[in-house]
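> this one's sequence-less:
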């Protein structure tokens, strides 16, 4: 598995699993039923943000985007989002993307990484982020309308990069 | 004091105190040094969002914007931002705007209101939101670069509207 910057020809290969994951409705509050062109701006970042893909030869296994969580006086905190092609789940793609994002954020000078909305029932993600050092800052009750579980909470998760960069 | 929907001719009257408050750098992580035209999109909302102004005759005392905090499966949670002209502070403008926003969000069918980034040293805002029923879900450490205090936390605050609508 190689992780590299996403380029424009990658998007038509990312979009099918982006659309599938959004349609499943279990992990992300993105607008629904976005076309290929409409969805591009929701995933393909421009500097200072960045989008990467995890590839195995010609196959895109997953993707992540990262950038400042806020402009101005909040721009020292990064945020990121992750999508792994459901047909390539449970092979460490998410973990590899997470480690890549953490390394990149640290080297780019961010002081921390904040996830704004991790669905509390997405236990594989919550477990992964905890294993990489993130902690849950708080949980907004009933903030996500889950197709199976109804209204569930969204975790705010946070990783300090300033203490572990030495 | 009257609170009404903002219209396009209001923006040149809101922008001076918007720019002043952003330049002071104590309350919001907006991009800095935005021109009148650049800043418009950061404050003047389109449906389903909404921007209001608090006025006293021809004078705009303050402004608030409100809308869904997230699209799709998070769109039942509202968010809002507030700016009171510094020359009209401490006259209840923020409180009046807050009450207006809460009433509007409830009548529009939102289940809750989430503030994503309340600067922890902005004690007048924190006290006001607590007095209106918001609670602090968590605080992201060192997420805001304050000109006087250095890196300070950002509160995630939340008000449940579902229990108190009867």
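It's in. Not measured: the values here are computed from a predicted model. Numbering: from 1, shown residues only, chains lettered A, B, ... in the order given.

> Isn't residue A:160 up against residue A:112?
Yes: using C-beta atoms under 8 Å, residue A:160 is in contact with residue A:112, at 5.3 Å. C-beta: built from backbone N, CA, C; applies to glycine.

> any shared contact partners between these two?
Common neighbours of residue A:160 and residue A:112 (criterion: C-beta atoms under 8 Å, 6 or more residues apart in numbering or on different chains): residue B:141.

> what about those two, which has more around it?
Neighbour count, other C-beta atoms under 10 Å in any protein chain shown: between residue A:160 and residue A:112, residue A:112 has more, with 23 against 15.

> Distance check, the more buried one against chain B.
In this view, residue A:112 and chain B are 7 Å apart by C-beta to the nearest C-beta, to the nearest Å.

> And that residue, how close does it get to residue B:119?
Computed as C-beta to C-beta, to the nearest Å, the residue A:112 to residue B:119 distance reads 16 Å.

> same question, residue A:152
Going from residue A:152 to residue B:119 by C-beta to C-beta gives 28 Å.

> Comparing the two, which residue is more hemmed in?
residue B:119 (23 against 19).

> Which part of chain A gets nearest to chain B, residue-wise?
Residue nearest to chain B within chain A (C-beta to the nearest C-beta): residue A:138, separated by 2.3 Å.

> which residue packs closest to the residue nearest the centre of chain A, ignoring adjacent ones?
The residue lying closest to the centre of chain A (C-alpha atoms, centre = their mean) is residue A:81, at 1.5 Å. Nearest non-adjacent residue to residue A:81, counting by C-beta to C-beta, 6 or more residues apart in numbering or on different chains: residue A:65, 5.3 Å away.

> count of residues packed around the one you found?
Using other C-beta under 10 Å, residue A:65 is surrounded by 19 other residues.

> so which helix or strand takes in it?
If you go by DSSP states H and E, residue A:65 is part of strand A:59-68.

> same question, residue A:52
Element membership for residue A:52 (DSSP H and E) is strand A:50-56.

> taking the mean pLDDT, what do you get for the helix or strand that the strand holding residue A:65 is followed by?
Per DSSP H and E, the first helix or strand lying C-terminal to strand A:59-68 is strand A:77-84. On average, the pLDDT along strand A:77-84 is 98.

> Parallel or antiparallel, which strands does strand A:77-84 pair with?
Applying DSSP bridges, strand A:77-84 is found paired with strand A:59-68 (antiparallel), strand A:112-119 (parallel).

> Same list (those strands) but as TSV, adding mean pLDDT and distance to residue B:25.
TSV is the format used below for these (pLDDT from 0 to 100; distance: least, C-beta to C-beta, whole Å):
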stretch	mean pLDDT	distance to residue B:25
strand A:59-68	98	16
strand A:112-119	98	19
